[in-house]
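Student: Quick check, what structure comes out for this input:
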Amino acid sequence: MTQFQSRTVAFIGLGLISGSLARALRASSWNGALTAWGPREASLQRGLELGVIDHYSLELSEVLATADMVVVGAPPAATGEILKSVVNELSRLNRTPVVTDLASIKGHVIDSMACDYANFVPGHPIAGSEHSGVAFADGALFRGREVILTPLPHTAADATEQVKAMWDLTGAYIKQMGVEEHDALLAASSHMPHIVAYALTRALERDASDAMVHGGGALRDMTRIAGSDPLMWTDISVTNQTALLNAIDGFQDEMTSLRDLITSSDAAALRDYFAICRAHRRAHDDILNPLPSRDSEETA
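Tutor: Coordinates of the predicted model:
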């Protein structure tokens, strides 16, 4: 296993995911320094007070001047532009640290970045919460969870190995795939559950009978992620539009098929349908429930 060699990790944007990564590194065998930059000093100051980071600055150049690993944690719509600014500033400083990001969309980020940097390794941890902000950072968030890396043709192999080594310290497991494959898979597996939760919640909000007040565990579980950050999910819907629309179309086709079965009162066909769904879900318990005690969410 490759050893994580960075002595200083700089977080560009400090929120739930980046803060959780900082806490996970702090709790690991690694004993380097954690620094951060961001547009809102209140978040950075809160991270310092909570012990998530050791230092922060409102000057991007100051943070980049000492970083061995740079982690950009921002909404997908902004990540590409931030990465471009980071790479330009590193060029001015004549430095080439490893740079990675946490955005759940890769194609839009890379297109917006619009520049090649050999030490850039696009990344996406499949973990999160309906909460947002550094105050909710959790060092155990990534244990047993997947982190997807999408190295580009020009990405240096050593840079990819260092990003893998960093994530190894968090208890996550790492997979690699292409950018387009990532965006299509995540539209179906992560983004669609949120879209369904939002649609169900809005349907309940429109229901004059106020059906939500009679909800139990099923409704709680199905709508929990509708409490996620609206800004983030607006960004995801816009930046991964094509893949998400394809996923929505597939889901609508499935709903039509299920509606037809219910309309026909075909009990045998319905039992088969529900049995197939149950078997498929239970076959993936080890992926979806790696730590049963955690109430975690697949997200951006």
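
Student: same question for stretch 60-70, mean pLDDT?
Tutor: Averaged across stretch 60-70, pLDDT comes to 97.

Student: What's the end-to-end length of it?
Tutor: This stretch, stretch 60-70, spans 11 Å end to end (Cα to Cα, to the nearest Å).

Student: contacts for that stretch?
Tutor: Stretch 60-70 is contacted from outside by 5-10, 12, 32-33, 35-37, 56-57, 85-86, 89-90, 92-93, 95, 97-100, 162-163, 166, using Cβ atoms under 8 Å, 6 or more residues apart in numbering. C-beta coordinates here come from the backbone N, C-alpha and C atoms, glycine included.

Student: rerun at 7 Å
Tutor: If you take Cβ atoms under 7 Å, 6 or more residues apart in numbering as the criterion, stretch 60-70 is touched by 6-10, 12, 35-37, 57, 86, 89-90, 93, 95, 97-99, 162, 166.

Student: Then stretch 89-98?
Tutor: Outside stretch 89-98, the residues that touch it by Cβ under 7 Å, 6+ apart are 60-61, 64-65, 67-70, 119, 121, 159, 162-163.

Student: ditto for stretch 156-173
Tutor: Outside stretch 156-173, the residues touching it (Cβ under 7 Å, 6+ apart) are 1-6, 21, 24-25, 28, 30, 69, 98, 100, 118-119, 121, 123, 125, 142-147, 149, 151, 174.

Student: Could I get the buried residue list for the strand or helix carrying residue 44?
Tutor: Residue 44 is part of helix 41-49, with elements assigned from DSSP states H and E. Residues of helix 41-49 classed as buried: 43-44, 46-48 (neighbour count, 16 or more other Cβ atoms under 10 Å).

Student: Need the buried ones from the contacts of stretch 89-98 selected in PyMOL.
Tutor: The following PyMOL line selects those of the contacts of stretch 89-98 that are buried, judged by 16+ other Cβ under 10 Å:
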select buried, resi 60+64+67+68+69+70+119+121+159+162+163
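
Student: where does residue 69 fall, phi/psi-wise?
Tutor: The phi/psi pair for residue 69 (degrees, to the nearest 10) reads phi -130, psi 130.

Student: Show me the domain layout of this protein.
Tutor: In terms of domains, the chain is parsed into 8-178, 182-288 (source: automatic domain parsing).

Student: how far away is the closest residue to residue 119 other than its chain neighbours from residue 24?
Tutor: With Cβ to Cβ, 6 or more residues apart in numbering as the measure, residue 159 is the residue that lies nearest to residue 119, at 4.3 Å, once sequence neighbours are left out. Shown here: residue 159 relative to residue 24, a distance of 20 Å by Cβ to Cβ, to the nearest Å.

Student: what pairs with the helix or strand following the helix holding residue 44, and is each one parallel or antiparallel?
Tutor: The helix or strand immediately downstream of helix 41-49 is strand 55-56, counting by DSSP H and E. Strand 55-56 has the following strand partners under DSSP bridges: strand 33-37 (parallel).
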